[in-house]
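1. how would this look folded up:
(2 chains)
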Amino acid sequence: MPSNILVSVAWPYANSLIHVGNITGSYLPADIFARYQRLVGNNVLMVSGSDSHGTPVTVRADADGTTPLEVYSQFHTGFLELFQRLGLTYDLFTSTHTENHFKVSQSIFLALEKNGYLYTDKQQQWYSPTQGRFLPDRYIEGTCYVCGYANARGDQCDQCGTLLEATSLINPRSKMDGSTPELKETEHFYLDLGKLQPAIIDFLRQREDYWRSNVLRQSLGQILADELHGRAITRDLDWGIPVPIEGWDEKRLYVWIEAVIGYLSASIEWAQLNGQPQAWHDWWYDSQAKSFYFIGKDNIPFHAVIWPAQLIGAGDWFSKLFEELEGKQLNLPFYVPANEFMNLEGKKISGSRNWAVWGFDFLSRYEPDTLRYYLTANMPESKDTDWDWQDFLNRNNNELVATWGNLVNRVLSFAYKHWDGQVPSPGELRPADLEILSTVETGFQTVGDYINSVNLRAGLNEAMRLAAEVNKYLDQSAPWFEVKTDKAAAATTIFTALKAIDSLKILLSPYLPFSSEQLHKFLGYTAPLFGEQFTETITDNLGEHDVLRYNPAAASGSWEPSRLPSGQKLREPAPLFRKLDDDIVASERSRLGQPDISQE
RNA sequence: GGCGAGGUAGCUCAGUCGGCAGAGCAGAGGACUCAUAAGCCUUGUGUCGCGGGUUCAAGUCCCGCCCUCGCCA
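-> Down below sits the predicted model:
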């Protein structure tokens, strides 16, 4: 009776590099959760991809004198490598720029249309006569109509901070060529959120008792205070997904409606790549399946309101249009455990000012588990948190290395030295031995419950507390005395300690997969705990796209207490983690805000 | 401007139904030595953002205000 668990992870925008705030906000919690669910034996499907359309990508392409496709491909490739190195085990990390995603998105659009949730309306938009095209708000500069600042952006004034109505800018000019745009009427499709409002309220009310209050209030509270109104879902652009209506093929789907559809399209692509094109039904049509959406707080309305609205609005028309199946309803989100934000040294992370710790840059000097540990211990689950380099050093040296790394090292090296590189044979276990094993084994329940309810920090704390318990046990048993007077007693102690760290290895493995895998080998196991990540190039009618995948076939780990056999041959141990030097605090701080080396 | 989250020990953060303010780290002291000078034992620490109110009792509930952050307009 394994459950089908869909792990949906925020889609990074393919126009900037990934920093630690992005990682702790959604990618890392999703991976911890997914690894745990796989260890428990559930059927996990973890999907995401690059959000490749939208104006930030075209703006960047125009600025760099290249094409949106080039910009997207370059960042996308970087994401695949970073995620692989961080051990983020996506079953599929793909892209929105695929033939499959185009088709799925257009099917959702048409299903919404069939069910009467779309309407058209006209609006004014800046148009460039010199270029013969409409200009997105981000392509416009002008004088702020609030404070008079001459270089206000189309969507916001950098001087007074006001969010601006682009069509009201004074003396507008095109950022492309400085020419003066003119207002022109254009027609768009709108999603009728007002009509869907009662169903969305129902959806949220059904989840009221277990959703985080920040997520619930930001969605339900907002709706109750201020009705939902229709939103334009098409744009006058050429980069993106064509509107699938005759006469509209010059227009594109607005990214905000199309990107979230990626959870569905990536699931479908995953099934196709596995040669079982219907396999995704288990997560999307089985009413017992549960879907978890790992996102940052800035994305709450899109995942708790708009995406459910699309799914409800598409109704059973999606299955008819997409694969001629009758009467299938797509599953709605089960839980949206949105995280708050992580700041850096007391200030907001800012890519453009290089006030950031970049994923790649970090990995050039430190290990992925070091990052995973600090980001989890400091994860913004209930409020904004702060990345502080001194705190990073302290936690690495005083918690990860001292409590866990040292425990492993002292037990392994003692066993290796005194019992000829083998797990010793114990005598009958004494009360203290039984007690510590039972204490550690409670972790499979307590840590598991924390992870299952997406309280990841609490789960990590609990696992670390258990590691400290094993340190106490060792001090009380003092095998370094026993070994001199009663080697059989020492053998019992070390056997017990080895079993304890063998169990702790599993409890910590969702958080620290690399070092757990290494410990697993030190303990003499040959089959790996986890499966393998790999990349692949897929060709379709839109061209080629690279994907990151996960093959669980070789994984042998399971969420249950150690069954370490005595006599098992150990491998020569080495420290799992590196103690960091105090100097790094100053040198890391000096990098912050410096002209950027990593934003290419 | 509307909606929401947060403000608690030197630092990072918990705090459920209102019932003597907590953890980890840092700091101080101690016994030990298997281990990455790690681990173990002992130990100090508070204007719970500010001002009112309700209550026998408020970090917690109510009102007002200040600051930080997010979404929306």
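2. where does the prediction get shaky in chain A?
-> For chain A, the stretches flagged by pLDDT under 70 are A:146-147, A:155-164, A:595-600.
3. domain map for it?
-> Following automatic domain parsing, one gets these domains for chain A: A:4-98+A:257-341, A:111-235, A:359-524+A:570-584.
4. hmm, the first one touching RNA strand B?
-> Spelled out, it's domain A:4-98+A:257-341. Yes: using Cβ under 7 Å from any atom of the strand, we find that domain A:4-98+A:257-341 touches RNA strand B at A:297-298, A:300-301, A:340-341. Bear in mind the C-beta positions are built from the backbone N, C-alpha and C, glycine included.
5. with the shortest one instead?
-> Yes: contact check for domain A:111-235 against RNA strand B, using Cβ under 7 Å from any atom of the strand: residues in range are A:162-163, A:213-214, A:217-218, A:221-222, A:225-226, A:231.
6. ends of that domain, what's the gap?
-> 19 Å (Cα to Cα, to the nearest Å).
7. tell me the contacts of A:Lys122?
-> For A:Lys122, the contact set (Cβ atoms under 8 Å, 6 or more residues apart in numbering) comprises A:185-188.
8. pull out the buried members of the residues you listed.
-> A:186, A:188 (16 or more other Cβ atoms under 10 Å).
9. would you mind giving the contacts of A:Lys122 as TSV with distance to A:Gly443 and secondary structure added?
-> Output for the contacts of A:Lys122, formatted as TSV (distance: Cβ to Cβ, whole Å; DSSP: H, G, I helix; E, B strand; the rest coil):
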residue	distance to A:Gly443	secondary structure
A:Glu185	64	strand
A:Thr186	59	strand
A:Glu187	60	strand
A:His188	54	strand
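10. between the contacts of A:Lys122, which is closest to RNA strand B?
-> A:His188 (13.9 Å; Cβ to the nearest atom of the strand).
11. wait, doesn't the closest one sit right on A:Arg235?
-> Yes: using Cβ atoms under 8 Å, A:His188 is in contact with A:Arg235, at 7.4 Å.
12. what residues are shared contacts of the two?
-> Counting by Cβ under 8 Å, 6+ apart, the residues touching both A:His188 and A:Arg235 are A:Lys251.
13. just to revisit the earlier point, just the buried ones among the residues of domain A:111-235 next to RNA strand B, please.
-> Of the residues of domain A:111-235 next to RNA strand B, these count as buried by 16+ other Cβ under 10 Å: A:214, A:218, A:231.
14. so the first one touches A:Pro337, yeah?
-> No: judged on Cβ under 8 Å, A:Asn214 makes no contact with A:Pro337 at a distance of 10.1 Å.
15. narrow the residues of domain A:4-98+A:257-341 next to RNA strand B to those in helices?
-> A:300-301 (DSSP state H).
16. and the buried ones among the residues of domain A:4-98+A:257-341 next to RNA strand B, selectable in ChimeraX?
-> A single ChimeraX command selects the buried members of the residues of domain A:4-98+A:257-341 next to RNA strand B (16+ other Cβ under 10 Å):
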select /A:297,300,301,340,341
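17. let me see the ranges of the strands in the stretch 251-400 of chain A.
-> A:252-253, A:290-294, A:342-344, A:385-387 (DSSP state E, counting those that start in this stretch).
18. for those, which one sits closest to A:Ala402?
-> strand A:385-387 (20.6 Å; Cβ to Cβ).
19. which one of the domains of chain A is the most hemmed in?
-> domain A:4-98+A:257-341 (a mean of 21; mean count of other Cβ atoms under 10 Å).
20. quick one: contacts for A:Trp419?
-> A:491, A:494.
21. how near is it to RNA strand B?
-> 12 Å (Cβ to the nearest atom of the strand, to the nearest Å).
22. next up, the contacts around the residue of the stretch 251-400 of chain A found nearest RNA strand B.
-> Residue of the stretch 251-400 of chain A nearest RNA strand B, by Cβ to the nearest atom of the strand: A:Thr385 (2.6 Å). A:Thr385 is in contact with A:340, A:342-343, A:378-379, counting by Cβ under 8 Å, 6+ apart.
23. looking at those, which one is closest to A:Ser95?
-> Closest to A:Ser95, out of all of the contacts of A:Thr385 and judged by Cβ to Cβ, is A:Met342, at 25.9 Å.
24. quick check: the closest one touching A:Lys383?
-> No: the pair A:Met342 / A:Lys383 is not scored as a contact, 10.6 Å apart, by Cβ under 8 Å.
25. dihedrals phi and psi, A:Gly116?
-> A:Gly116 adopts backbone torsions of phi 80, psi 20, taken as degrees, to the nearest 10.
26. then the one 4 residues further on?
-> Recorded main-chain torsions at A:Thr120 are phi -110, psi 150, according to degrees, to the nearest 10.
27. same check on A:Asn4?
-> Dihedral angles for A:Asn4 - degrees, to the nearest 10 - are phi -90, psi 120.
28. residues in contact with it?
-> By Cβ under 8 Å, 6+ apart, the neighbours of A:Asn4 are A:42-43, A:45, A:282-283, A:286, A:288-290.
29. try A:Thr403
-> A:464, A:467-468, A:471.
30. mind running it again at 6 Å?
-> Contact partners of A:Thr403, counting by Cβ atoms under 6 Å, 6 or more residues apart in numbering, are A:464, A:467-468.
31. what separation do you get for it and A:Leu508?
-> According to Cβ to Cβ, to the nearest Å, A:Thr403 and A:Leu508 sit 11 Å apart.
32. ok, which stretches of the stretch 151-300 of chain A are helices?
-> A:193-205, A:213-216, A:222-225, A:255-258, A:262-273, A:281-284, A:300-301 (DSSP state H, counting those that start in this stretch).
33. then the stretch 401-550 of chain A?
-> A:406-418, A:431-452, A:456-477, A:479-485, A:487-508, A:513-522.
34. work out the gap between the first one and the centre of the chain.
-> For helix A:406-418, the distance between its averaged C-alpha position and the chain's averaged C-alpha position is 36 Å (Cα atoms, centre = their mean, to the nearest Å).
35. export only the CA atoms of it, formatted as CSV.
-> Only the C-alpha atoms of helix A:406-418 are listed here, as CSV (Å, rounded to 0.1, in the frame of the first residue of the first chain):
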residue,chain,number,x,y,z
ASN,A,406,33.3,13.0,15.0
LEU,A,407,31.0,10.4,16.3
VAL,A,408,31.3,8.4,13.1
ASN,A,409,35.0,8.9,13.1
ARG,A,410,35.6,7.8,16.7
VAL,A,411,33.5,4.7,16.3
LEU,A,412,34.8,3.6,13.0
SER,A,413,38.4,4.1,13.7
PHE,A,414,38.2,2.4,17.0
ALA,A,415,36.4,-0.6,15.5
TYR,A,416,38.8,-0.7,12.6
LYS,A,417,41.9,-0.7,14.8
HIS,A,418,40.9,-3.2,17.5
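36. other residues contacting that helix?
-> A:467, A:470-471, A:483, A:494, A:497, A:501, A:519, A:522, A:570, A:573, A:575-576.
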